[in-house]
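Engineer: following is a predicted model, sequence given first.
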Amino acid sequence: MIRASAALAALLVGVSAGAASFDFSVDPRFELLGVVRLLAGKAGPAKSDYRDRVATRFAPFREHPAVQLYRELAAREEGLATLPIYYTNPPELSLKEDDADIHYVNGPGEAEETQRFLHELRDFARVSDFSGFFRDNAADYAALENAERASSRGVDPVAAIEAYLGLRLSARSHYVLSPLSAATRAFISPYPLPPANAGARSFEVYSVSPDLVAKGFSNVLWHEPLFVFIDPAFYYFEKLNIPDLPAFYGRDVAACRATSPDCVKHFAVAAILEHIDRRAGVPPTPDADRHPASALERRYVAALSSRLDEYDAHRDRYPTWWDFLPRWFSVFQELAPVREPRKLTIPTDPKIRAAADFFDPPTIAALLRAASR
Amino acid sequence: MKTLLLLLLATGPAAAAPIEFVVDPKIEALSVVLMLSAPPSNRRDVYAVAARQAFSPFAAHPAVARVAEKRRGGASFAELAKLPLDDFEKDSGFAEFFAAHARDYASFAGTARREALHSVSPEDALSYMGAPAGSARFILAPLAPEDDRTLFLRAGVPTGDGVRFRFDEFGGSVAYELCRAAADWFRAPAGLLPDHVAAAVLLRVVRRDLGERVYLSALNRRATERLPRLAALSERLKEYEADRKRYPTLRAFSSRLDALAPLRQEQAVHALAGGDRDGARALLDEAAALSPDAETRRRMATLYQKLVDDAPAPARRDLERTEALLSGLLAESPRDPALLTERAALLARAGKNSAAVRDLTEAGRYAPDASTRRRMALVRQELKDYAGAVAMLSLLAKEGAPDASLLSDLGLCEHLSGKPEAAISDLRAALVLDKGYLPAALTLGSIYGSLGRSADERAVYDAVPATGGDPELRKLLDRARSEARQPAFDIAVDPRFELIGVLRLLAGSDRKSPGTEAYRERARRRFAPYRDHAAVKTLRSLLARGSRAEALATLPIYYSPPPELALRAKESDVPYWDGPGEKNERERFLDDLRGFARDTAFMDFFRENQDYYRTVEAQTRALFGTLDPVSALERYTGLDLQARAHYVLPLLYADDHNYIVPYPLPPHALGAETFDVYTMAPNLRTKDYYDGVWNELPFLFTDPAFHYFDARLAPDPTAFYGTDIARCRLTAPDCAKAAVNAALVYRLLALNVPSVLSPGRTAERLNSPLVRALAERLGEYEGRRDLYPNLWDFFPRLADVFRQRAFPHAPSVEAGSDWPKVRKSSDFFGPKLNLDTPGHKQ
């Protein structure tokens, strides 16, 4: 269902329009993908007038090769969901950057399959006049965008995160309203995980959701942009301080980390999100909309969040969250517990002021030198 | 699992619209004929099963033999498709079958269309080439043998909807095949280049849509390894993309592709692989004129070297060019041990041994790496310095984890230097590392052959996987295998047993006759006038006496075909019918039989029904698939059983007796060299696997083995086997043997010996605790074949199972150092071995 509160939205457009680091939009590329997905019979959004209009309008193309192929690519849906970010609007869908960091296409035959999907998607857009449909619905999309902006209370998510971390994200966050999608998906391009993408100077963060704020800021607005800094910071902090991961994290956390490389990061993000919510003055995420946490996760998130109180109280001592990391990571040693805790440090040089610093070649060299010592 | 064959019928460039997928009746008929001439496959999909059921009665059709002969001669599937098969189609009712499966074909085409979506867009690929419009037709051949598939769908993961298919990545897609088919249009040089161009075009299309990173990743993946110049060609295409005004089509750009010296060199590789030596020389000359870099010149030298190596008498020109190239490279890098070694190899081939040794010595001074030292060893082998080669290869094997090829080379050199046991050890180790490494298998097999160890030789060849490896070596292997082994079994409708069958029919004793009603009716009509013949009366009276049943069942195997029915070996000891007074009764019956055969012209009847017999035999043979029961048992026991198995198919009465001639139970049959195992198999389909195929064969081993084991280590059966087994043996002499036989069959099945039928009732019979314990002990034998070369060596450990079950605290039984050596069945019956000498150790 498209929610519209045009009058209120019109008032609030100006609040966030000036912020250059994020945008809300209904994006034709994702909407095209949503139409194909709906025709492919994948579990879709709740029934709505809009969904019915889409189903009726595109019914004659139900057996188009793009739809057939999508139907068969269930196992690769995550990869397909991120595909639009690399391409121009339909029907051209041209690659925006030759050096695009496209993921999920390196398995056997996946590059060829993806090329074919793009070809068929272009054809689908052309023969179905998808652009005409998108234009016809422009007013509804604008209303939807405005309603979401209103719900976001004028908060600039990127600025809020940067303020809390005391660091620049070097990122632009795109919040894509996708009324045809059933789930929230997010991705960053290029992905900020060293050692890949050395030389990157900025990052584009895409968070695609049927509703951006209904289920709490933490679930969509804060979540993915935070990883722009978390990912490289954890990578280098572990390189600098933790030569033996199981010995440092203890058996349980190391096992979790071995199963899911993002395990520790998720604990950290959950703790930070509580504090950003608090600082931004937005309501906390209702329990019902929090992802279910294990006992291990609850224990660590509580301890890490509690330690962040110290960061919040002593920003004079810790101008940036990076500066606070040695103190914060000591939580893991305390909970593990470790017989002989390591002394955790970050080098005084180079100074880290932005996420992009982690991808600056001289900075990388300096961090690795420090790590080797 | 379905397999689909796609034959591209487009002869020129083709746009993707329309691309058709069809099942063609002529191609499908050929697939059926090929299916009938091939060993049964494991395919269980409904369509394949239906086809096999419908056409298996035509396995002996002349068309099947015709196609099989062409195929043996190396004809490709496309060439076979030109053969007329009208006679087969007409005789087998193929048209009706094809029409009845129209829905299946539509379903296959739908699958292919859907799965064709999983690779690069054909339109984009052809558009990239600037190719004109056309059309393409792909033929699906669901029954075609896998080896013949030119373009195929690989099976995906089974899903709820059935088995999904996907095109092989990169190669084997519709776009790839269309690009290859366009080779003539864009004037691609013959040979390898079309493959390279097709792959490069697809890569560049991927590059355009997915970017440089994905392109580089795809370029470096494993599937492109077979196209070593792909990177150079793909990079060259950037020039084409950058100036499409100048090069509106790939055809306009083809001259730029031609100019690549490395490509010319690769084309020469392809030409040489295709046997075109002159073409290869011409291409190498062209490459030389294109200012090749050092790496290309090295590859060219290797190719010239191959021209030299492959020729019985190398051309002087090839020798000179190779030496010139190598000497030129050595002038630039005089301390390159690899180059020195290559020149040494060339000099050795030219007979300049002293110069070759000088180069080898020089190469040794410049710290050659492992691969160069390997090559140096092979040159020493060429120079007949086998000891030197063994020394170098042994050192290499000790330095790191050796691979199969190193151990194989080492084994060969050891063999050549007169060390067969070391050679066998290293070659076996090579095959443990890679059981499909054909050079090791061929060398080891020939060494075994030269040592007279034919069972070992056959076992080596049989252990090699059915596919893979160099085609030429595989041909050699197939030839070696066929020379090493004639199938040790036959399946036949036998006139002697059919004669008995006719008599039983007339005597009204043909219950459960496995033949068709039509055949029985033919026999009834033909022989009805003789229902009161003396032979019929005699048979009726014999059958009335149950004690003659076994004698009647085995009698024919000792006599020649009717009407003569002469005793085949004068010294034959016909069992069950040789006692006082019995012999005369037997001879009277045989006289009656001979009279009946002559009076009724029985052999004319037998000849008239040959077609029916061949069909029944073919159907039964198809059940065996790749199974050769004698070989399977020989492989397992490690013994040459010197036996031939005969599966006799009596069609007019049900009889399932079995017998071995001479019976291998010492002291009977002393001096025997070979054994014939007869199994009456009226209808294997209705019997379970164990009885139908295996019931008698294991006795070849267990009968003499138990005899000699008991004589040496269990002279008091009760003291060894315990009361229960000893008592059982008294009432049924085969009591313990049957348990061992069952365990043997259990293990054979567990080790994936090809199955004739579902184990069925056999599984229940094998499910006794004693058989399980024996089978478990056999696992020890299988795991330690280094300690137990054959099952006789292990027999004390196996028999120990009986002992431990009867007397749990008794010490284990083991073979002493004086345990007699047995390698073949006749050793049990030979005069030289005194196996009865007691010498047990407990």
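Structural biologist: Perfect, I can see it now.
Engineer: only C-alpha atoms for contact and neighbour calcs from this point on.
Structural biologist: Will do.
Engineer: so where's chain A uncertain?
Structural biologist: A:1-20 (pLDDT under 70).
Engineer: cool, and the stretch 551-700 of chain B?
Structural biologist: B:570-581, B:625-627, B:682-692.
Engineer: in chain B, what residue spans correspond to strands?
Structural biologist: Using DSSP state E, the strands of chain B run over residues B:6-8, B:19-23, B:136-140, B:153-159, B:162-167, B:489-492, B:643-648, B:658-661, B:675-680.
Engineer: I'd say B:D434 and B:L407 touch.
Structural biologist: No: contact criterion C-alpha atoms under 8 Å: B:D434 and B:L407 do not qualify, at 10.6 Å.
Engineer: do stretch A:58-75 and chain B meet at all?
Structural biologist: Yes: Stretch A:58-75 reaches chain B (C-alpha under 8 Å from any C-alpha of the partner chain) through A:P65, A:Q68, A:L69.
Engineer: just these now: which is nearest B:P717?
Structural biologist: Taking C-alpha to C-alpha as the measure, A:L69 is the one of the residues of stretch A:58-75 next to chain B closest to B:P717, at 72.7 Å.
Engineer: what residues are up against the closest one?
Structural biologist: A:F117, B:R114, B:L117, B:H118 (C-alpha atoms under 8 Å, 6 or more residues apart in numbering or on different chains).
Engineer: swap in A:F324?
Structural biologist: A:Y311, A:Y318.
Engineer: quick one: it is in a helix?
Structural biologist: Yes: assessed by DSSP: H, G, I helix; E, B strand; the rest coil, A:F324 belongs to a helix.
Engineer: distance of B:R66 from chain A?
Structural biologist: Noted for B:R66: a distance of 40 Å to chain A, by C-alpha to the nearest C-alpha, to the nearest Å.
Engineer: ok, B:E323 next?
Structural biologist: Distance of B:E323 to chain A, given as C-alpha to the nearest C-alpha: 43 Å.
Engineer: does that residue really touch B:A345, like I thought?
Structural biologist: No: in this structure B:E323 lies outside contact range of B:A345 using C-alpha under 8 Å: 10.3 Å.
Engineer: and the two? which has more neighbours close in?
Structural biologist: Taking neighbours as other C-alpha atoms under 10 Å in any protein chain shown, B:E323 and B:A345 compare with B:A345 leading, 27 against 20.
Engineer: which one is that one nearest to, not counting chain neighbours?
Structural biologist: B:V379 (5.5 Å; C-alpha to C-alpha, 6 or more residues apart in numbering or on different chains).
Engineer: and the pLDDT at that neighbour?
Structural biologist: At B:V379, the model reports a pLDDT of 92.
Engineer: which residues touch it?
Structural biologist: B:V379 neighbours (C-alpha under 8 Å, 6+ apart): B:T341, B:A344, B:A345, B:A348.
Engineer: just the helices in the stretch 201-350 of chain A please.
Structural biologist: Under the criterion DSSP state H, counting those that start in this stretch, the stretch 201-350 of chain A contains helices at A:223-241, A:245-259, A:263-280, A:295-313, A:321-335.
Engineer: residues from the stretch 51-200 of chain A in reach of chain B?
Structural biologist: A:65, A:68-69, A:94-95, A:97-102, A:105-106, A:108-109, A:111-116, A:118-119.
Engineer: can you flag the buried ones in these?
Structural biologist: A:65, A:68-69, A:94-95, A:100-102, A:105-106, A:109, A:111-116, A:118-119 (16 or more other C-alpha atoms under 10 Å in any protein chain shown).
Engineer: show me where the stretch 601-750 of chain B has helices.
Structural biologist: For the stretch 601-750 of chain B, helices defined by DSSP H, counting those that start in this stretch occupy the ranges B:602-608, B:610-624, B:629-637, B:689, B:699-713, B:717-731, B:735-750.
Engineer: looking at these, which is closest to chain A?
Structural biologist: Ranking those by proximity to chain A (C-alpha to the nearest C-alpha) places helix B:735-750 first, at 34.2 Å.
Engineer: next one: that closest one to chain centre, how far?
Structural biologist: Offset of helix B:735-750 from its chain centre (C-alpha atoms, centre = their mean, to the nearest Å): 26 Å.
Engineer: now stretch B:583-592
Structural biologist: With C-alpha atoms, centre = their mean, you get 47 Å for stretch B:583-592.
Engineer: which positions in that stretch come out as buried?
Structural biologist: For stretch B:583-592, by 16+ other C-alpha under 10 Å, it's B:R586, B:F589, B:L590, B:D591, B:D592.
Engineer: let me see the contact set for the closest residue to chain B within the stretch 151-300 of chain A.
Structural biologist: In the stretch 151-300 of chain A, the residue that lies nearest chain B is A:N197 (11.1 Å; C-alpha to the nearest C-alpha). Neighbouring residues of A:N197 by C-alpha under 8 Å, 6+ apart: A:P190, A:Y191, A:F359.
Engineer: neighbour count added to those, as a markdown table?
Structural biologist: Formatted as a markdown table, these follow (neighbours: other C-alpha atoms under 10 Å in any protein chain shown):
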| residue | neighbour count |
| --- | --- |
| A:P190 | 20 |
| A:Y191 | 20 |
| A:F359 | 23 |
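Engineer: filter those down to just the ones in helices.
Structural biologist: When those are checked against helices (DSSP state H), there are no matches.
Engineer: what about B:D532, how many residues nearby?
Structural biologist: 11.
Engineer: for the stretch 401-550 of chain B, which segments count as helices?
Structural biologist: Going by DSSP H, counting those that start in this stretch, the stretch 401-550 of chain B shows helices at B:404-416, B:420-433, B:438-450, B:454-463, B:471-484, B:495-506, B:517-527, B:534-543, B:549-554.
Engineer: distance between the fourth one and the chain's centre?
Structural biologist: Think helix B:454-463. That offset, for helix B:454-463, works out to 12 Å (C-alpha atoms, centre = their mean).
Engineer: give me the angle between that helix and helix B:629-637.
Structural biologist: 100 degrees (axes from the mean of the first three to the mean of the last three C-alpha atoms, to 10 degrees).
Engineer: helices or strands up against helix B:454-463?
Structural biologist: If contacts are counted by 3 or more C-alpha pairs under 8 Å, 6 or more residues apart in numbering or on different chains; DSSP states H and E, helix B:454-463 sits against helix B:438-450, helix B:471-484, helix B:629-637.
Engineer: and the second one, what's buried?
Structural biologist: Of the residues in helix B:471-484, those buried under the neighbour-count criterion (16+ other C-alpha under 10 Å) are B:R474, B:L477, B:A480, B:R481, B:A484.
Engineer: which of those residues sits closest to chain A?
Structural biologist: Out of the buried residues of helix B:471-484, the member with the shortest distance to chain A (by C-alpha to the nearest C-alpha) is B:R474, at 29.4 Å.
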